[in-house]
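K.L.:
Kindly return the folded structure for what I paste below:
(chains A and B)
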Amino acid sequence: NAGVMQNPRHLVRRRGQEARLRCSPMKGHSHVYWYRQLPEEGLKFMVYLQKENIIDESGMPKERFSAEFPKEGPSILRIQQVVRGDSAAYFCASSPPRTSGGELFFGEGSRLTVL
Amino acid sequence: GDSVTQMEGPVTLSEEAFLTINCTYTATGYPSLFWYVQYPGEGLQLLLKATKADDKGSNKGFEATYRKETTSFHLEKGSVQVSDSAVYFCALSDGGGSNYKLTFGKGTLLTVNP
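P.N.:
Residues are numbered from 1 along each chain as shown, chains lettered A, B, ... in the order given. Down below sits the predicted model:
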């Protein structure tokens, strides 16, 4: 019973490069969420997606960040022209179509380090 | 805005010791409250939750009671085991339509020694 799968687990990028983080939700889950945990902080909501739709991106930085969840394949969080402040753990979560409030299923996280 | 403050870690206990991890929150309205746990090498998973004042969430010997008067949701376990070693996160959702928008504390690392 595979859980939420994220890859890569660790990613190192130099300033100005692009980072792509992938997330495959649990089987039967059609809703995906991305959270970010900056050093010394709690996880913070970034974006909520359903297949081919962005439902709520109120937590996404206005520039350089984008997310998608295509009809086929994993959800992708893309960060263009990374800066040191993007270094963080990025967590993906999923839920079934009708979730009991707040019960999200999280992956292990992808840790991005920007040199 | 909403916020969650939880006990700074790390916490180190011996097996069978009593555990308390404090959590207080600030929120408008009537939030739902959660404890999530992340075991080594795994993703966060829901441990327990409470959706209204005076509710007690419980699971795997852990308990937490939703205290509106003190805005707290402290996690307790009477006798910890080595297998309880993990990072524990307190969280809230606003209880409205955006119940997927969880606000998390920073997490508390618990290590239980045999």
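K.L.:
quick one, strands of the chain?
P.N.:
The chain I'm using is chain A. A:5-7, A:10-13, A:19-24, A:31-37, A:44-50, A:53-56, A:65-68, A:75-79, A:88-95, A:105-106, A:110-114 (DSSP state E).
K.L.:
I was thinking of chain B, sorry if that wasn't clear
P.N.:
According to DSSP E, the strands that chain B contains are B:3-6, B:11-14, B:19-21, B:23-26, B:32-38, B:45-50, B:56-59, B:62-65, B:75-77, B:86-93, B:103-104, B:108-113.
K.L.:
between the fifth one and strand B:86-93, how many degrees?
P.N.:
Read it as strand B:32-38. Strand B:32-38 runs at 160 degrees relative to strand B:86-93, counting by axes from the mean of the first three to the mean of the last three C-alpha atoms, to 10 degrees.
K.L.:
for stretch B:40-50, which positions count as buried?
P.N.:
Across stretch B:40-50, burial judged by 16 or more other C-beta atoms under 10 Å in any protein chain shown covers B:43-44, B:46-50. C-beta here means a position set from N, CA and C on the backbone, and glycine is covered the same way.
K.L.:
residues from chain B in reach of chain A?
P.N.:
Proximity of chain B to chain A (C-beta under 8 Å from any C-beta of the partner chain) is limited to residues B:4, B:32, B:34, B:36, B:38, B:41-46, B:49, B:51, B:89, B:91, B:93, B:95, B:98-107.
K.L.:
can you give me how far stretch B:50-67 is from the chain middle?
P.N.:
Relative to the centre of its chain, stretch B:50-67 is centred 9 Å away, using C-alpha atoms, centre = their mean, to the nearest Å.
K.L.:
Tell me which residues are up against it.
P.N.:
A:101, B:23, B:30, B:32-35, B:47-49, B:68, B:73-79, B:95 (C-beta atoms under 8 Å, 6 or more residues apart in numbering or on different chains).
K.L.:
count of residues packed around residue A:64?
P.N.:
15 (other C-beta atoms under 10 Å in any protein chain shown).
K.L.:
Got a ChimeraX select line for the buried ones in the residues of chain B next to chain A?
P.N.:
Here is the ChimeraX command that picks out the buried ones among the residues of chain B next to chain A, judged by 16+ other C-beta under 10 Å:
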select /B:4,32,34,36,38,43,44,46,49,51,89,91,93,95,99,100,101,102,103,104,105,106,107
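K.L.:
so what's residue 77 up against?
P.N.:
Using chain A. Residue A:77 is in contact with A:20-21, A:23, A:34, A:46-47, A:65-67, A:90, A:92, counting by C-beta under 8 Å, 6+ apart.
K.L.:
not quite, I wanted chain B
P.N.:
With C-beta under 8 Å, 6+ apart, residue B:77 has these contacts: B:18-19, B:61-63, B:84.
K.L.:
Now it: closest residue in space, sequence neighbours ignored.
P.N.:
Excluding its sequence neighbours, the residue lying closest to residue B:77 (C-beta to C-beta, 6 or more residues apart in numbering or on different chains) is residue B:19, at 4.4 Å.
K.L.:
related to what we said a few turns ago, wait, which of the strands of chain A is closest to residue B:8?
P.N.:
Nearest of the strands of chain A to residue B:8, taken as C-beta to C-beta: strand A:31-37 at 15.9 Å.
K.L.:
Residue A:47 against residue A:69, yeah?
P.N.:
No - Residue A:47 is not in contact with residue A:69 according to C-beta atoms under 8 Å; the separation is 9.4 Å.
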